[in-house]
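Visitor: dropping the sequence and predicted coords here.
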Amino acid sequence: MKIVIVGGGWAGCAASAQAAKNGASVTLLERTDSLLGTGLVGGIIRNNGRFTATEEMAAMGGDDMFRAMDTCLRHKCISFPGHQHADLYDIIKTPVAVEQRLLQLGVSIHRQSRVASADLSGDNTTILSVRDDNGNCYEADGFIDATGTAGPMNNCRQYGNGCAMCVLRCPSFGGRISLCGLTGLTELKAEAHDGSYGAMSGSCKLFKESLSPEIIKALDENGVAVIPLPRELRENHLSIKACQQYALDEFAENIILLDTGHAKMMTPYYPLEKLHQIPGFECARYEDPYAGGKGNSMRYLAMCRRSNSLKVDQRANLFCAGEKAGLLVGHTEAIVTGVLAGHNMVQFLSGRPLLEFPRELAVGEAIAWVREQMETPEGLREKYTFSGSCLFRRMNDLGLYSIDKGYIHKKVEDLGLAGIFA
């Protein structure tokens, strides 16, 4: 069976790996010249409830992407405000490790293949093929939309502070195009509490060598540096972030840096002229986005309606993963949905029952609860992540959060799901 996956971020890579493991012939189409999308500037895994979700996926045999990251870790089990037992992966090395794993599994990777059109059956329910900007046509039995929800440039202008020249590089490779949208589906937009749409990406990356030797030393040795801010230099933009797990007072009162190869600064943007007034930041330079003194990319502007198996509503052979599947924030969340979408695409084409994660698992509760929440105006105003905010609180309330690997693996086994993705 032939499967085309559109979008080579964490979700698309995870879906590709799982579909290939399940025996499909997989073609991965990526708009830019690099895999991982926003994962190119990410770097944080296993913090808070993401630990539980990662171990649930490992117990089910769906941890290929996590194992690729683990070969590229810079720091293990660090803590920073509001977050415990986090691992930090090297954002320079990880894309290569992921690509190597996909190639081992036989995935055909096509870069600079921005999908521009879709050919549907006469009744508009089944996708027959997609075509990229270069005129290449890709026919398949099934398709997975992992195109994300960030950009394109007009959204960053309309809902944000303009194109921030981020790692998505829309001016060079063309803006993101949604496969769901190309098939004629109406997509959902996240709303902010003030009535505006979308959410701003949650962090900036500084060129680490542009910081003082003392800060570099702290990052290299500890993985984290916390620098108190004078009151007159504080900039609180936390309410506009996609990553509401970092909307804590500590992130407004301090500059918090994490070592991911660059220095990951946990704020959506910070004026450069103010940054240069802080001791140790006199020569600081933004790596991503280049306009990190003014703004960041806008996200959650193109989500689709789907089932808990991640099958897209109203389309027969289309599944979704990552941010397309809803207001799930983060790489772990993208990988979880990617694995499930890749698995279920093969199940669907083979005429076998689709898998839904049971809600006794954190991954199952996340996918099902977010779907329910997105049907309400209030739910569209929230952001959901295993590492904080409302979803992590719900995990705690339901007793789903654990860092006991033995307990997590035993629960998966008792549910009959041990090794199901292996």
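Guide: In hand now; what should we look at?
Visitor: what's near enough to touch G379?
Guide: L327, V370, E372, Q373 (Cβ atoms under 8 Å, 6 or more residues apart in numbering). Glycine gets a C-beta too; all of them are placed from N, C-alpha and C.
Visitor: of all pairs in these, which one spans the longest distance?
Guide: L327 and E372 (11.7 Å; Cβ to Cβ).
Visitor: which one's more surrounded, the two?
Guide: Comparing L327 with E372 by other Cβ atoms under 10 Å, the one with more neighbours is L327, at 25 against 10.
Visitor: help me confirm that that one comes into contact with M374.
Guide: Yes - if you go by Cβ atoms under 8 Å, L327 and M374 touch, sitting 6.6 Å apart.
Visitor: what do those two both touch?
Guide: M303, L380.
Visitor: stretch 258-276: end-to-end distance?
Guide: 19 Å (Cα to Cα, to the nearest Å).
Visitor: kindly report the same for stretch 302-321.
Guide: Stretch 302-321 stretches 12 Å from its first residue to its last (Cα to Cα).
Visitor: how far off centre is it?
Guide: Stretch 302-321 has its C-alpha centroid displaced from the chain centroid by 17 Å (Cα atoms, centre = their mean, to the nearest Å).
Visitor: please apply the same query to stretch 222-232.
Guide: The answer for stretch 222-232 is 26 Å, by Cα atoms, centre = their mean.
Visitor: pretty sure A20 is in a strand, no?
Guide: No - A20: not assigned to a strand; according to DSSP: H, G, I helix; E, B strand; the rest coil it is helix.
Visitor: isn't it up against V107?
Guide: Yes - between A20 and V107 there is a contact under Cβ under 8 Å: 5.2 Å.
Visitor: between the two, which contacts overlap?
Guide: Between them, A20 and V107 share the contacting residues V26, judged by Cβ under 8 Å, 6+ apart.
Visitor: what does the average pLDDT come to for the longest helix seen in the chain?
Guide: Ranked by residue count, the top helix of the chain under DSSP state H comes out as helix 331-349. For helix 331-349, mean pLDDT is 98.
Visitor: list the buried residues of it.
Guide: 331-346, 348-349 (16 or more other Cβ atoms under 10 Å).
Visitor: equivalent analysis for stretch 24-42, please.
Guide: Buried, per 16+ other Cβ under 10 Å, within stretch 24-42: 24, 26-32, 34-42.
Visitor: so which of the residues you listed sit within helices?
Guide: Using DSSP H, none of those sit in helices.
Visitor: let me know whether R359 touches A368 as I believe.
Guide: Yes - using Cβ under 8 Å, R359 is in contact with A368, at 5.6 Å.
Visitor: what about the residue lying closest to S196 once chain neighbours are set aside, how many neighbours?
Guide: Excluding the flanking residues, the one nearest S196 by Cβ to Cβ, 6 or more residues apart in numbering is Y159, at 6.3 Å. Neighbour count for Y159, taken as other Cβ under 10 Å: 20.
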